[in-house]
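Novice: generate coordinates for the sequence data below:
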Amino acid sequence: MRNPRTPVDPVLLITFAFLIILGSVMVFSASSILAANRYGSPFHFLLRHFFFLGLGLTLAYLAGKIKTEFWRKSWFILYLGTILALALTLMMGKTIGGARRWLKIGPLGFQFSELAKLVLVIALARYLDRYHSQIWRWKWALVYPLLLFVPMVALIVVEPDFGNPTVIMLAYLSLLLTAQIPWRYLAFYPAAALPVMAYLIIHSPYRMARLMGFFSVWGQGAAAAHREGAAYQLSQALLALGSGGLLGKGLGDSDLKLHYLPQPHTDFIFPIIGEELGLVGSLVLVVLFSLVAIRGLRAAIGAERLFDRLLAVGITFSLTFQAAIHMAVTTALAPTKGITLPFISYGGSSLLISCLMAGILLRISRTKGTFQTN
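Specialist: Model prediction:
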């Protein structure tokens, strides 16, 4: 018998609320000087952030009201629509910083690679739910999931974008692991992905420069030259984190955001948090994302259907893997790549999809009952 619907997970809801509030504060703190110099108003980025946050919270509310069956039935339309949007982005999208990732929709630009992270989770969750009894066979465990994964990820890679495909791949593996695909098939995915990633790095001068800069960021001699080139952002990020100390310099008092650290409100917002709020503030952020992981997996374990369980796992790891990669990049634990910190960084597309994911995850946290597969 199905149990009555339970209230939304209060811990997960409060955690998302804290992340959103902290994000709004840090977007203003990190961007105000840049916005004043570039646009004549320190509130330029904050007002745009609030606009997208309003849309995102509306999406989260609607997602909390919609049954997850909607996503299960709509997967094919969402998948084809996202493929088409990514293709259109490559043909007529807006190029910023050498990457064509934004497609103009009226006066706004949208990054459909952000949507792809959610759509691929929905598509694979539906596939693994429907064909769960077949995944011990190699075609069902390898061929068909790759037919979903490769076309969409390939379109993102050629934009070029290396960060989002990494998040997608890790979330994809978490879904396959949750569905209990045999280990001999699961191991194929990283074994096949590593040579492809190596090829993309070796044959891309700017990726190779970033990799070399990562390995030599604090080196001597020739390595020091990288600190003025490919490793400049990373070296400045480390200076920001180190200068923050235990409690930080104080909210709004970052020195490195004064045109020393590029993209302080987007791809490198975590070092600003470390500089202004110190180690304590940084650890609070780590704890918040850890709570998302713990409560998200708790919602997955309590889900009444396999599709809901897989959807919750995919969303949870999409958010937390992206946060972990952002923090690893900005603390010199991983090579530099452009990737936002969910709910915290400035970026309309990222904020919209993060809020939508949060709404779906909160919806799943409300349902409990006898576990079912379809």
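
Novice: quick one: distance of the helix or strand that contains Ala358 to the chain centre.
Specialist: Assigned by DSSP states H and E, Ala358 belongs to helix 348-365. Taking Cα atoms, centre = their mean, to the nearest Å, one finds helix 348-365 lying 11 Å from the centre of the chain it belongs to.

Novice: and the residue nearest the centre of the chain?
Specialist: Centroid check for the chain by Cα atoms, centre = their mean gives Gln322 as the closest residue, at 3.8 Å.

Novice: quick one: contacts for that one?
Specialist: Contact analysis of Gln322 by Cβ atoms under 8 Å, 6 or more residues apart in numbering lists Val167, Ile339, Thr340, Leu341, Pro342. Using the backbone N, CA and C atoms, a C-beta is placed for each residue, glycine as well.

Novice: do I have it right that the third one meets Gly348?
Specialist: Right, Thr340. No - here Thr340 does not reach Gly348: they are 10.4 Å apart, not a contact under Cβ atoms under 8 Å.

Novice: more neighbours: which of those two?
Specialist: Neighbours per residue (other Cβ atoms under 10 Å) separate Thr340 from Gly348, with Thr340 holding more: 25 against 20.

Novice: take the contacts of Gln322 and write them to a markdown table, including pLDDT and distance to Leu288.
Specialist: Below are the contacts of Gln322 laid out as a markdown table (pLDDT from 0 to 100; distance: Cβ to Cβ, whole Å):
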| residue | pLDDT | distance to Leu288 |
| --- | --- | --- |
| Val167 | 93 | 18 |
| Ile339 | 88 | 18 |
| Thr340 | 92 | 16 |
| Leu341 | 95 | 11 |
| Pro342 | 96 | 10 |
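
Novice: most widely separated two among the residues you listed?
Specialist: Maximum pairwise distance in those, criterion Cβ to Cβ, is 12.0 Å, between Val167 and Leu341.

Novice: output the below-cut-off pLDDT ranges for this structure.
Specialist: 1-5, 97-98, 214-231, 259-260, 368-374 (pLDDT under 70).

Novice: circling back: the residue nearest to the centre of the chain sits in which helix or strand?
Specialist: In this structure, Gln322 is located in helix 306-330 according to DSSP H and E.

Novice: check the offset of that helix from the chain's centre.
Specialist: For helix 306-330, the distance to the chain centre is 7 Å (Cα atoms, centre = their mean).

Novice: how far off helix 348-365 does that helix point, in degrees?
Specialist: 140 degrees (axes from the mean of the first three to the mean of the last three Cα atoms, to 10 degrees).

Novice: list the buried residues of helix 306-330.
Specialist: Across helix 306-330, burial judged by 16 or more other Cβ atoms under 10 Å covers 306-327, 329-330.

Novice: give me the subset of the contacts of Gln322 that lies in helices.
Specialist: Of the positions in these, Val167 sit in helices, assigned by DSSP state H.

Novice: still on that earlier bit, who has more neighbours out of Val167 and Leu341?
Specialist: Comparing Val167 with Leu341 by other Cβ under 10 Å, the one with more neighbours is Leu341, at 29 against 24.

Novice: look up how far Ser254 lies from the more buried one.
Specialist: 16 Å (Cβ to Cβ, to the nearest Å).

Novice: hey, what's in contact with both of Thr340 and Gly348?
Specialist: With Cβ under 8 Å, 6+ apart, Thr340 and Gly348 have no common neighbours.

Novice: which SS state does the residue nearest to Ser74 when sequence neighbours are not counted fall under?
Specialist: Leaving out its chain neighbours, the residue that sits closest to Ser74 by Cβ to Cβ, 6 or more residues apart in numbering is Ile122, at 7.9 Å. What DSSP: H, G, I helix; E, B strand; the rest coil gives for Ile122 is helix.

Novice: ok, Ile122 - contacts?
Specialist: Here Ile122 is in contact with Trp71, Arg72, Ser74, Trp75, Leu78, Tyr79, Leu311, Gly314 (Cβ under 8 Å, 6+ apart).

Novice: mind redoing it with 7 Å?
Specialist: Ile122 makes contacts with Trp71, Trp75, Leu78, Leu311, as judged by Cβ atoms under 7 Å, 6 or more residues apart in numbering.

Novice: ok, which pair from those residues is furthest apart?
Specialist: Maximum distance among the contacts of Ile122 (Cβ to Cβ): 12.6 Å, for Leu78 and Leu311.

Novice: which helices and strands sit right next to the longest helix anywhere in the chain?
Specialist: As assigned by DSSP H, the longest helix anywhere in the chain is helix 269-301. Applying 3 or more Cβ pairs under 7 Å, 6 or more residues apart in numbering; DSSP states H and E, we find helix 269-301 packed against helix 10-39, helix 232-244, helix 306-330, helix 348-365.

Novice: JSON lines for those, including distance to Pro262?
Specialist: Formatted as JSON lines, the helices and strands packed on helix 269-301 follow (distance: least, Cβ to Cβ, whole Å):
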{"stretch": "helix 10-39", "distance to Pro262": "10"}
{"stretch": "helix 232-244", "distance to Pro262": "6"}
{"stretch": "helix 306-330", "distance to Pro262": "12"}
{"stretch": "helix 348-365", "distance to Pro262": "18"}
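
Novice: for Trp140, find the nearest of those.
Specialist: Nearest of these (Cβ to Cβ): helix 306-330, 14.9 Å.
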